[in-house]
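Participant: What follows is a predicted structure for the sequence shown.
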Amino acid sequence: MPEVIEAWGLVVKAKGLKNSFIGELVYVGKENLIGEIISLNKEIATIQVYEDTTGLKIGDEVKPSGEFLSIELGPGLIGKVLDGLGRPLQEFLKESYFIKKGFTFETLNRERKWRFIPKVKPGDYLKELDIIGEVPETFLITHKIMVPLKMKGRVIEIAREGEYKISETICKIQDEDKIYEVKMYTKWPVRKKRPVLRYLPASEPLITGQRVLDFFFPLAKGGRAIIPGGFGTGKTVLQHQLAKFSDVDIIIYIGCGERGNEMTQVLKDFPVLKDPKTKRPLLERTILIANTSNMPVTAREASIYTGITIAEYFRDQGYNVALMADSTSRWAEALREISARLEEIPAEEGYPAYLASKLAEFYERAGRCKVTESREGSVTVVGAVSPPGGDFSEPVTVYSKQLVNTLWILDKELASQRHFPAISWIQSYSEFIEKLSEWWDAQSEGIKWSELRKKAMRILKEDENLQKIVRLIGTEALPDPQKLLLFSAKLIKEGFLQQLAFEERDNFCSPQKQLELMHTLIYFYERAQKLLKKKIPVSKIIKLPVVNELLRAKIEITDKDLDRFKDLRRAIDTQLSYLEREYE
């Protein structure tokens, strides 16, 4: 009988497991603590336990399961709050306010019945991931029941439209002399990447409604982004904004090692939030994975894989999925703690030598792809990074930057000035600018996003250089053209880049409004430049009444009345022309 021979915190050694394999799920001790075999030496296994091992004794039994650490995938996932191992936290609440050791709950409810609508008939030939039928899971999401991977054959029996439990057989498929019974759910090892037909290039942006991100540093659907920032720079609020407003079908939010009060706020907010498009509850397209800082550190390490596996499953159904991981730094800290208990040789700053490959393993599971010849989907990954002391040279930030194609850096100086989102327009970047320019240019007739973005970035970069001079000699010593540039940069910062997360009229901004707003701000700058050439002082230009209208436009002009931007540009012409005639 396999038994414990050594225990050190969350790492346990057991003998008698010569028939086991790496990655096998095991149950340790009288309380059936969940663990995973991470190394084997003859019949001695090293087990990573996902729960508190207090009270475990030498000689306690270890029961192998014969399975990998897996997650159940099927109807009932949407709207759920899971822990890092895929256990529904709502079920724990029925027993206790705390997660009791050894408690195991199935991810999906076996008793609930779902309305199944068949999409095939007897005699149809099906391949893996072909759609057998549909289940209207929520008002926003229709769950597609697919042929499990590595299965194909001809349909010999299909359930009629009606209500069934997920454990009931809804289809039988015959492949030569084999008959497969298909249920509405399947299981998949969380550490194993789900295969795809082929990956596709980026072609459409992930619209977040945050102007500084969408306009200046766009992320494509299927892309990878990180948000590095020190304490207090607004990572969590920005992640919440992305989860609320990103134009994807499904959101998966992973609170990985977050403070309990922050995760509590998420659990309070999401059930009452409305989807911006349909005005339905946001929870009807959201899955939450909560693994707070006081929960088992090894389960925190697994939570990332649980989330990305669920994301891949919905991608296979043809959906665009966005996964928010907050934060990957605390996930890496879990790796470091586990590595120390395993007595592995530490690398930089105590992290294990395989940190880079683990991060790559996670981020590389993002992408836009062809699932079958007739269906495509995407997984977009956005990871928050919390470098200690805001040091961007620490390993997690450095390795993550090498793996992503969009970088949204949070600036502590901007945050201290109460400029939110505190995204640095100097340090951030996106590799999707050229790939997405065609999409953006098609959003508004007569306004070219690529040209507009270059003009705005040039103003902001010149402003950054001028600020160094201003600190030495002050603004008054500068010539009028430079004063106008500084003022226009201020208009862009306050009238475009700053966005109020808690103001209903400003927390989301459509691409069309972003283009019109920036076009109007640049229009003012270029018209004002012409007046400077006629020796009209900049002090008169910046005191025009239209300036206040420009600053208020982001809130006062809504998507329903974008024509007001034309009126605003006419007001710019009128007031500048009046000033010009005054100096003739």
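Facilitator: Happy to help now that I have it. Residues are numbered from 1 along each chain as shown.
Participant: which element is residue 383 on?
Facilitator: strand 375-385 (DSSP states H and E).
Participant: What is that strand packed up against?
Facilitator: Strand 375-385 sits against strand 224-228, helix 235-245, helix 297-316, strand 320-326, helix 328-341, helix 355-363, strand 367-372, helix 395-403, with contacts defined as 3 or more C-beta pairs under 8 Å, 6 or more residues apart in numbering; DSSP states H and E. Every residue, glycine included, has its C-beta placed from N, CA and C.
Participant: Show residues contacting the shortest one.
Facilitator: For strand 224-228, the external contacting residues (C-beta atoms under 8 Å, 6 or more residues apart in numbering) are 219, 235, 238-239, 328, 363, 366, 380-387, 392, 397, 400-401, 403-410.
Participant: Run a quick neighbour tally on residue 493.
Facilitator: Residues within reach of residue 493, counting by other C-beta atoms under 10 Å, total 18.
Participant: For it, which three-state class applies?
Facilitator: Following DSSP: H, G, I helix; E, B strand; the rest coil, residue 493 is assigned to helix.
Participant: again, but for the one 10 residues further on
Facilitator: Following three-state DSSP, we place residue 503 in the coil state.
Participant: got any ranges where this protein has weak pLDDT?
Facilitator: For the chain, the stretches flagged by pLDDT under 70 are 96-98.
Participant: dump the residue contacts of the closest residue to residue 509 other than its chain neighbours.
Facilitator: Excluding its sequence neighbours, the residue lying closest to residue 509 (C-beta to C-beta, 6 or more residues apart in numbering) is residue 211, at 5.1 Å. Each residue near residue 211 by C-beta under 8 Å, 6+ apart is listed here: 496, 497, 499, 509, 514, 517, 554.
Participant: before we move on, what SS does residue 84 have?
Facilitator: Applying three-state DSSP: residue 84 is coil.
Participant: Can you point out the buried residues in stretch 293-306?
Facilitator: Using 16 or more other C-beta atoms under 10 Å as the test for burial, stretch 293-306 gives 293, 295-306.
Participant: What is the nearest of those residues to residue 38?
Facilitator: Nearest to residue 38 among the buried residues of stretch 293-306, counting by C-beta to C-beta, is residue 298 at 9.9 Å.
Participant: quick one, what contacts that closest one?
Facilitator: Applying C-beta under 8 Å, 6+ apart, we find residue 298 in contact with 10, 48, 49, 50, 334, 338.
Participant: The fourth one and residue 526, how far apart?
Facilitator: It stands for residue 50. Taking C-beta to C-beta, to the nearest Å as the measure, residue 50 falls 60 Å from residue 526.
Participant: Which neighbouring elements make contact with the top helix by length along the chain?
Facilitator: Using DSSP state H to define each element, the chain has its longest helix at helix 449-473. Applying 3+ C-beta pairs under 8 Å, 6+ apart, we find helix 449-473 packed against helix 433-441, helix 480-492, helix 511-532.
Participant: ok, residues contacting that helix?
Facilitator: 215-216, 425-426, 433, 437, 440-441, 443, 478, 482, 485-486, 488-489, 492-493, 496, 515, 518-519, 521-522, 525.
Participant: still on that earlier bit, a markdown table for the helices and strands packed on helix 449-473, including mean neighbour count and distance to residue 63?
Facilitator: Listed next are the helices and strands packed on helix 449-473 as a markdown table, based on neighbours: other C-beta atoms under 10 Å; distance: least, C-beta to C-beta, whole Å:
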| stretch | mean neighbour count | distance to residue 63 |
| --- | --- | --- |
| helix 433-441 | 16 | 51 |
| helix 480-492 | 19 | 63 |
| helix 511-532 | 20 | 55 |
